[in-house]
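>>> for reference, the sequence and a predicted model appear below.
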Amino acid sequence: MLPDEPPQPSASVAAPAALVEAAPAAERPERMNRSAVLWVALAIFAQESVWNFYDAQVPAQLRQFVSSATVIGLIMGLDTGLGVIIQPWTGLISDRLARSRTGRWPIVVAGACVAAVPFALIPWATGLPMLMLCIFAFGLTANSFKGVTETLVSDYVAPQQRGRAQGFIKAGVSLTIIVSALISLLVVDHSLKAAFAIPPVLMVVMVTLSYCFLGRRHPTALRREDTGTRTGTGTDQADPFSSPWAVLKDLVREPSRARLLLMAGIFCFAGMWAALRSLTTPYGTEVLGMTRGAAGGIALPGAIAFLVCVVPLAYLSHRLGELRMIRYGIALFVAGLLVGFAEPTPAFTAASVAIASIGYAVFSVNGLVALWGLAPNNRVLGAYTGLYTVASASGMALGPALLGATVDLTGWRYMFLNAAVLGAVTFAVFTLVARRAGRPLAAAS
């Protein structure tokens, strides 16, 4: 259950973290609610199992109709670009539903059921217009609940435990990469239609299970938080964040610009990761001479490395601070890319993706938690998850196209080197964030 959390001012960078650190010890739970974390992780696992398979196999599906890597990267970015428009609104709506009897769950369950249909129809498309319709429909519906599912952790886990909870949740997410890779290896080359049917079925079943076991607890999950919020704060009487535009206005007017800089860093890192995931399968077929199914399985060692490292990285980040750990992760990410460029063989490419995956694991644990820590109060966490998605989805929309453009200029052989150069730019952005913030955003101890 969540304890009372005082509203956080937006005028300074250090204020939110300082308020959390100053919380009375009596209000800090000794242990996080592991049962709640498990079911939230299952819900996120459900949606990510679909997205990971989408990123691995839809580019190859597009290559049947499109030859340019730039165009493929741009199309792959269109679905995530929809999140820029959709998720801040659905996040704010979910913030209003969070204190109702059903909580955010109606958006999650309905969205999963609707999104499953266009996804399963992708391999049935016989032409580019039909394929684009399926891609657009899936992106529209899947983005409507993606950020809301990720915000569920804030409903059931106290603020000072969210970083650690994210570690366990991201470990569950890494399993979806393994599932995606196994489907690619075992099913794609035999029946593409069956392969595209498996992830949406998993999504619907697991989201339903999550709701059945966790949704019924929602009426009591935020009861104490609601009481504390209404006492002396006047939040319900005069909510300054009644629309996404009000949230954006507060974001832009924040004097230190720390949130904007953090979102810029999120944009860059998410773009790199999306580009690597979207173009690794074509890289495997073009440079390494692998079959489509085998190339889709390159991500498997990376998923295992992510799974093994993500929870220890979450605990280490709790001690060292989010921004510092993200910078270390970027450096490791770039090092992995250079390994892949140095030796273009299936074994070294798989090792390269594994190293890069560990670097990305650091970011995936800390990025959203850092942004939540800078939110002006705990009633806009869904909206701030939407802002996180605005930054990450924008990067995902442009990252594959940008890396694809460099591939068109230099050839597939230099893809990993080109990505490493973009990684160096990302490291520079997070260095600027750290300097403007004054110190790493540390989790409460």
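Happy to help now that I have it.
>>> low-confidence ranges, this structure, go.
Scanning the chain for pLDDT under 70 picks out the ranges 1-33, 80-81, 159-160, 174, 215-248, 250-256, 373-381, 436-445.
>>> the most centrally placed residue in it: which element?
The chain has residue 364 as the residue nearest its centroid, 6.6 Å off, counting by C-alpha atoms, centre = their mean. Secondary structure here is read from DSSP states H and E; on that basis residue 364 sits in helix 346-373.
>>> now the angle from the next helix or strand after that helix to helix 346-373?
Downstream of helix 346-373, the next assigned helix or strand under DSSP H and E is helix 381-410. Compare the direction of helix 381-410 with that of helix 346-373 by axes from the mean of the first three to the mean of the last three C-alpha atoms, to 10 degrees and you get 150 degrees.
>>> give me the packing partners of the very next helix or strand once past helix 381-410, helices and strands only.
Next in sequence after helix 381-410, counting helices and strands by DSSP H and E, comes helix 415-437. Contact here means 3 or more C-beta pairs under 8 Å, 6 or more residues apart in numbering; DSSP states H and E; on that basis helix 415-437 packs against helix 258-286, helix 322-342, helix 381-410. No exception for glycine: its C-beta is placed from N, CA and C like everyone else's.
>>> returning to what we had before: how about the helix holding residue 364: buried residues?
Within helix 346-373, the residues that qualify as buried are 346, 348-373, counting by 16 or more other C-beta atoms under 10 Å.
>>> next up, the contacts around residue 280.
Neighbouring residues of residue 280 by C-beta atoms under 8 Å, 6 or more residues apart in numbering: 295, 298-299, 349, 353.
>>> sorry, slip of the keys, the one I care about is residue 345.
Counted by C-beta under 8 Å, 6+ apart, residue 345 has contacts residue 288.
>>> any idea how far residue 284 is from it?
If you measure residue 345 against residue 284 using C-beta to C-beta, to the nearest Å, the figure is 11 Å.
>>> same check, this time on residue 297
9 Å.
>>> do residue 138 as well
24 Å.
>>> could you do residue 48 as well?
With the distance defined as C-beta to C-beta, residue 48 ends up 22 Å from residue 284.
>>> host element of residue 67?
Here residue 67 is assigned to no helix or strand, by DSSP H and E.
>>> neighbours around it, how many?
As a burial measure, residue 67 scores 9 neighbours (other C-beta atoms under 10 Å).
>>> next, residue 103: phi, psi?
Dihedral angles of residue 103 (phi, psi; degrees, to the nearest 10) stand at phi 70, psi -150.
>>> that one reaches residue 155, doesn't it?
Yes: because the distance of 6.4 Å satisfies C-beta atoms under 8 Å, residue 103 is recorded as touching residue 155.
>>> okay, the angle between the helix holding residue 364 and helix 322-342?
Orientation check (the same axes, to 10 degrees): helix 346-373 against helix 322-342 gives 160 degrees.
>>> on contacts alone, who are the packing partners of the helix or strand harbouring residue 70?
Secondary structure assignment for residue 70, by DSSP H and E: helix 69-97. If you count contacts as 3+ C-beta pairs under 8 Å, 6+ apart, helix 69-97 packs onto helix 34-62, helix 105-120, helix 128-156, helix 244-253, helix 258-286, helix 381-410.
>>> and it, how far out from the chain middle?
Chain-centre distance of helix 69-97: 12 Å, with C-alpha atoms, centre = their mean, to the nearest Å.
>>> re the thing from before, what's the closest of the helices and strands packed on helix 415-437 to residue 39?
Nearest to residue 39 among these is helix 381-410 (17.9 Å), distances taken as C-beta to C-beta.
>>> how far off centre is that closest one?
Taking the mean C-alpha point of helix 381-410 and that of its whole chain, the gap between them comes to 11 Å (C-alpha atoms, centre = their mean).
>>> buried set for it?
Going by neighbour count (16+ other C-beta under 10 Å), the buried part of helix 381-410 is 381-407.
>>> look up how far residue 286 lies from residue 137.
Separation of residue 137 from residue 286 (C-beta to C-beta) stands at 29 Å.
>>> got it, and residue 389?
Distance, residue 389 to residue 286, using C-beta to C-beta: 31 Å.
>>> what do you get for residue 62?
Using C-beta to C-beta, one obtains 14 Å as the distance from residue 62 to residue 286.
>>> now do residue 148
Relative to residue 286, residue 148 is positioned 38 Å away (criterion: C-beta to C-beta).
>>> same check on residue 433?
For residue 433, the distance to residue 286 - C-beta to C-beta - is 35 Å.
>>> this completes my enquiry, with thanks.
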